[in-house]
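What follows is a protein structure lacking sequence information:
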């Protein structure tokens, strides 16, 4: 799907219905130049003994990760350059804006209020997105460098730095048939997560995916996970289906594969309150969803699709140009 296409909204939904994921070309201005600059510094950052990755969790024999490199402060003993942090921040903001454009396509198709619930200052976290830099090791312990999983947020945007076609998806959860995602220059891979699947009542499903090691070659990637956060405004059925506590238990037991910003936000709350108290807190928060239906437009919960589309055109017509 070309980001600049006049039929972007329709093309995005068709891609997810037909394939379960999509590739977006020309994702934002100067994408190739920025990503080449980033790639030129990654070897140094990950190989340094003083790199900030040393303090990050979830390192293993298959990969190394740096969480939220766009927000890393420059401190003594860190080999994370300031210009690299700034580049990461540019990619983060542009990717999040692209994610909002994808969410708008779902809003127009299904009459949801995803953009409203992902807008800064609405929800438990500031802007509902997190970034991860990943280095997949050339010689990994397992064939699956990242085990098969579905993301738990709403939209995931993946930047691939190398032409290693090791990313695979399984379009059908009932069959063990894996399909290789092609490497396409000047493009990003977009998946939807289990939260978005719940939001649209399983009209489109989150696709299981994994990263394998076919050729014993290293690989870098950058992901932006979008979500709303534990206390963010969501329809009640989404709260019920996300079941964060189970996913957090898997992570703490070493059984999980990804911990997005959404789940990390829940981890903090679990430490501060008992599980029952957290569940009661969510039940109270969902009352507002049931009463208002919409968080910025004021539309009722049973507003027609035509009314929602008209309201979105009025409120968010410039969303794709906001950060240019």
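Right, received. Where do you want to start? Predicted, not measured: the structure shown is a model, and the values here were computed from it.

If we go by neighbour counts, what in the helix ranked longest in the chain is buried?
Looking across the chain with DSSP state H, the single longest helix is helix 82-110. For helix 82-110, the neighbour count (16 or more other Cβ atoms under 10 Å) marks 84-85, 87-88, 90-110 as buried. All C-beta atoms are positioned from the backbone trio N, CA, C, and that covers glycine.

can I assume residue 158 sits in a helix?
No. Counting by DSSP: H, G, I helix; E, B strand; the rest coil, residue 158 falls outside a helix, being strand.

Would you mind checking the average pLDDT for the longest helix of the chain?
The average of the pLDDT scores along helix 82-110 is 92.

ok, residue 201 touching residue 112?
No. Applying Cβ atoms under 8 Å, one finds residue 201 not in contact with residue 112, separated by 9.7 Å.

Compare these two (neighbour count), which wins?
residue 112 (21 against 13; other Cβ atoms under 10 Å).

all helices of the stretch 51-200 of the chain, in order?
In the stretch 51-200 of the chain, the segments counted as helices under DSSP state H, counting those that start in this stretch are 82-110, 114-118, 194-199.

I'd like to know which elements the shortest one is packed against.
Using 3 or more Cβ pairs under 8 Å, 6 or more residues apart in numbering; DSSP states H and E, the elements in contact with helix 114-118 are helix 82-110.

So which helix or strand of the chain has the lowest pLDDT on average?
None of the helices or strands of the chain scores lower by mean pLDDT, DSSP states H and E than helix 261-272, at a mean of 41.

With residue 206 as the reference, name the closest of the helices of the stretch 51-200 of the chain.
Among the helices of the stretch 51-200 of the chain, the nearest to residue 206 by Cβ to Cβ is helix 194-199 (4.7 Å).

The following helix or strand past that closest one pairs with which strands, and in what direction?
Using DSSP states H and E, the helix or strand that follows helix 194-199 in sequence is strand 209-212. Partners of strand 209-212 in the sheet, by DSSP bridges, are strand 144-149 (antiparallel), strand 167-169 (antiparallel).

Need the residues that contact the last one.
So that's strand 167-169. When contacts are defined by Cβ atoms under 8 Å, 6 or more residues apart in numbering, strand 167-169 is touched by residues 20-21, 158, 160, 178-181, 189, 191, 207-212.

now do the first one
The set of residues external to strand 144-149 that reach it, using Cβ under 8 Å, 6+ apart, is 62-63, 136-137, 166, 170, 208-213, 219, 256-258.

what helix or strand does residue 32 sit in?
helix 31-47.

of all the contacts of strand 144-149, which comes closest to residue 36?
residue 219 (16.0 Å).

How many neighbouring residues does that closest one have?
Using other Cβ under 10 Å as the criterion, the residues surrounding residue 219 number 22.

Do I have it right that it meets residue 136?
Yes. Using Cβ under 8 Å, residue 219 is in contact with residue 136, at 4.2 Å.

and for the two, which residues touch both?
145, 166, 211.

wait, which of those residues is closest to residue 71?
When those are compared against residue 71 (criterion: Cβ to Cβ), the nearest one is residue 211, at 24.4 Å.
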